[in-house]
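S.K.: predicted model and sequence follow; I will ask about them next.
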Amino acid sequence: MTTDPAPLAGLRVADFTWVWAGPFCTLQLAHLGAEVIRVETATRICVTRLLPPYPRDVAPGPNRSGYFNQYNQGKQSITLDLKRPEAVAVARRLCAASDVVVENFAAGVMDRMGLGYDVLRALRSDIVMISLSGYGATGPDRDKVSYGPAQVPLSGLSSVTGYRGWPPMHVGISYGDPTGGLHGAVAVLAALLHRSRSGEGQYIDLSQWESSMTVLPDAIISWTMNGVAPPRDGNRDADMAPHGVFRAAGDDRWVAIAIEDDAAWARFARCLGQPELAADARFATLVARKRHEDELEDLVAAWTRARSPEETTALLQDAGIAAFTAATNRDVAEDPHLDARGFFVELPHPEVGVRRHIGVPWRMSASDCRVRRAAPCLGADTERVLAEVCRYTDAEIAELRARQILA
């Protein structure tokens, strides 16, 4: 790994985020080397500090959540009771010493606290601020309550997820959160690039709802262009067949297979030991395979059930066919390829010790991108940040502590 400077080395982020979308945005900035200072409060602890999984050998606690510790790696934590005007004054001083401010409260919350963009840019004219609200800062729905699971059906993703004859289904993940966080990180980088060229900061208004919709443009365009809503059809694909996840030998073992064209189907037929299927009128073309898809899937499943997913994967990959084991969480955690790439990180944490976490999913040949420290304990960096970043004296910090402003 390179020892060259990180892309965002020297940049400071005041992180007012919580739950998932906002912390996922600032996690990317921390991976890129920014100094991310998360502003929290013990009077209303972030819900993710209270969510499992916890290590089986330690009691649950606000510093021990695997969920929180995953999405807040590389950051620092200070505690401020932002219901107190004195704490807001501290937060303003932190923002004035920061390059970027990130928040994902409901629209208008930061303004009501006295930490809106107009206030902050008066303190620092080139500051970049991003708000990752549920529905954006403008529009008739801007004040509505938002939460990740509701954004999946609202985005239209549930309407195209499920089996024939079934109702819309959740996809198993709150897409608004991670997609909003990733889009937010990209927007921040673009704003910093703009600042480096112009000297100007700016405000970024991101809608998690809109970012969720960006993962299914084909479904939306199908309606806007042709007035047709894509049907729910399980794991099948409109343009490939067979396409799905098929049962394999073993207890709850599965393998994913996608045949992209007729040439791949011919190779697949040879793997099945039935090369004559390549010319079979029922399956020779995509149109024919789609017309006989139930029969086709029965044929494929009968073959995959006789062998392990690893055996199927090796055989089909050798033939240039897209196939892979439907991995369990254990499969992923113990995968030798991911280990060889150094994807997982194991850093010491003061309360849970060394635990395995997901790391940075990219490598740069000339920049230092990595997880630099485990997630912070609640308020662990308060005194240092106030002294070194906000320039409070020891006496002033002691006074803030005594008056329970730092809570």
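M.R.: Structure received.
S.K.: same for the longest helix along the chain, what does it pack against?
M.R.: Secondary structure of the chain per DSSP state H: the longest helix is helix 176-198. With contacts defined as 3 or more CB pairs under 8 Å, 6 or more residues apart in numbering; DSSP states H and E, the packing partners of helix 176-198 are helix 21-31, strand 100-103, strand 128-133, helix 148-155, strand 202-207, helix 208-213. For glycine as for every other residue, the C-beta is placed from the backbone atoms N, C-alpha and C.
S.K.: residue 385 is in contact with residue 93, correct?
M.R.: No - applying CB atoms under 8 Å, one finds residue 93 not in contact with residue 385, separated by 10.2 Å.
S.K.: residues in a beta bridge with the closest residue in space to residue 191 that isn't next to it in sequence, which ones?
M.R.: Excluding its sequence neighbours, the residue lying closest to residue 191 (CB to CB, 6 or more residues apart in numbering) is residue 128, at 4.4 Å. Applying DSSP bridges to residue 128 yields these beta-bridge partners: residue 100, residue 202.
S.K.: export the helix or strand residue 396 falls within as PDB, just CAs?
M.R.: In this structure, residue 396 sits in helix 394-402 according to DSSP states H and E. Extracted C-alpha coordinates of helix 394-402, given in PDB (Å, rounded to 0.1, in the frame of the first residue of the first chain):
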ATOM      1  CA  ASP A 394      -8.400  24.300  29.800                       C
ATOM      2  CA  ALA A 395     -10.400  26.600  32.100                       C
ATOM      3  CA  GLU A 396     -13.100  27.200  29.500                       C
ATOM      4  CA  ILE A 397     -13.400  23.500  28.800                       C
ATOM      5  CA  ALA A 398     -13.700  22.700  32.500                       C
ATOM      6  CA  GLU A 399     -16.400  25.400  32.700                       C
ATOM      7  CA  LEU A 400     -18.300  23.900  29.800                       C
ATOM      8  CA  ARG A 401     -18.000  20.400  31.400                       C
ATOM      9  CA  ALA A 402     -19.200  21.700  34.800                       C
END
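S.K.: buried stuff in it?
M.R.: 397, 400 (16 or more other CB atoms under 10 Å).
S.K.: got a list of contacts for whatever helix or strand residue 110 lives in?
M.R.: In the assignment (DSSP H and E), residue 110 maps to helix 109-113. Helix 109-113 is contacted from outside by 16, 82, 88, 103, 116, 117, 131, using CB atoms under 8 Å, 6 or more residues apart in numbering.
S.K.: for it, buried residues please.
M.R.: Quick answer for helix 109-113 (16+ other CB under 10 Å): 109, 110, 113.
S.K.: mean pLDDT for the helices and strands packed on helix 176-198 - can I get that in TSV?
M.R.: Shown next, in TSV, are those (pLDDT from 0 to 100):
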stretch	mean pLDDT
helix 21-31	98
strand 100-103	98
strand 128-133	97
helix 148-155	85
strand 202-207	97
helix 208-213	93
